[in-house]
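Trainee: Test case, fold it:
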Amino acid sequence: MQTPEKKLPSRRALLLGAGAATLFTPSLLRAQTQQAPVDRNIAAFRVHEWRDHFDSLGVGAILADTRSMFLQHWTPDGDMRIYPTSVPLSDDLTRTGYTEVIDKRVAPSWAPTPAMRERNPEWPALIPGGDPENPMGSHALYLSWQYYRIHGTQDTRKIGRRSSNGCIGLYNEQIAEVYERAPVGTKVRLI
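Mentor: Numbers count the residues shown, from 1 in each chain. Predicted coordinates for the structure are as follows:
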């Protein structure tokens, strides 16, 4: 049985390889030294502690962070969950401060506020609950501030964006979860 011969690189191949390494090494080193330090991918929000915003959890607490576009909900035993949200289109539509859940509805109907009707007179006066065009989605938590809600949305493209006329929107599956976990009387803070 014959063993295959090992073929050594030619002198020409060695010289070309060494020349290429010499030619490209300075640019590779320059590229490595000029590169900015790489920041690690850090979440765009920080999780809040309920104690930083509420005196107690009571029957539960909700914090909606309009800058980071997420909502945190704590139950009375301290169990906390985080949900991505949609937030108001502009700062003038954004209300911040303390409120609370005063009512809850499944398949809520929707009517534009007087200010919305001024801006958009072509909008319908009422869209019944369950209608695919209803911007309130499957569930809604009504806040003590008139016209403000935390609700679902049929248009999932809105989540993670400035897209509402004042309300905080969640995916329908997630507002259904918050709806079950948050009784009337749940404290709410929008920041």
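
Trainee: which residue ranges form the helices in the protein?
Mentor: Using DSSP state H, the helices of the chain run over residues 11-34, 114-119, 172-181.

Trainee: And those helices, which one averages the lowest pLDDT?
Mentor: Out of the helices of the chain, helix 11-34 stands lowest, with a mean of 52 (criterion: mean pLDDT).

Trainee: Any figure for the gap between the residue nearest to the spatial centre of the chain and residue 62?
Mentor: In the chain, the residue lying closest to the centroid (CA atoms, centre = their mean) is residue 84, at 3.3 Å. According to CB to CB, to the nearest Å, residue 84 and residue 62 sit 14 Å apart. In this view, the C-beta of every residue, glycine as well, is placed from N, C-alpha and C.

Trainee: Equivalent analysis for residue 175, please.
Mentor: Taking CB to CB, one finds residue 175 at 11 Å from residue 62.

Trainee: okay, and the common contacts of the two?
Mentor: Each of 141, 150 lies in contact with both residue 175 and residue 62 under the rule CB atoms under 8 Å, 6 or more residues apart in numbering.

Trainee: The spatially closest residue to residue 93 that is not a sequence neighbour: neighbour count?
Mentor: Leaving aside its chain neighbours, residue 93 sits nearest to residue 166 (4.8 Å; criterion: CB to CB, 6 or more residues apart in numbering). Residue 166 has 19 neighbours, counted by other CB atoms under 10 Å.
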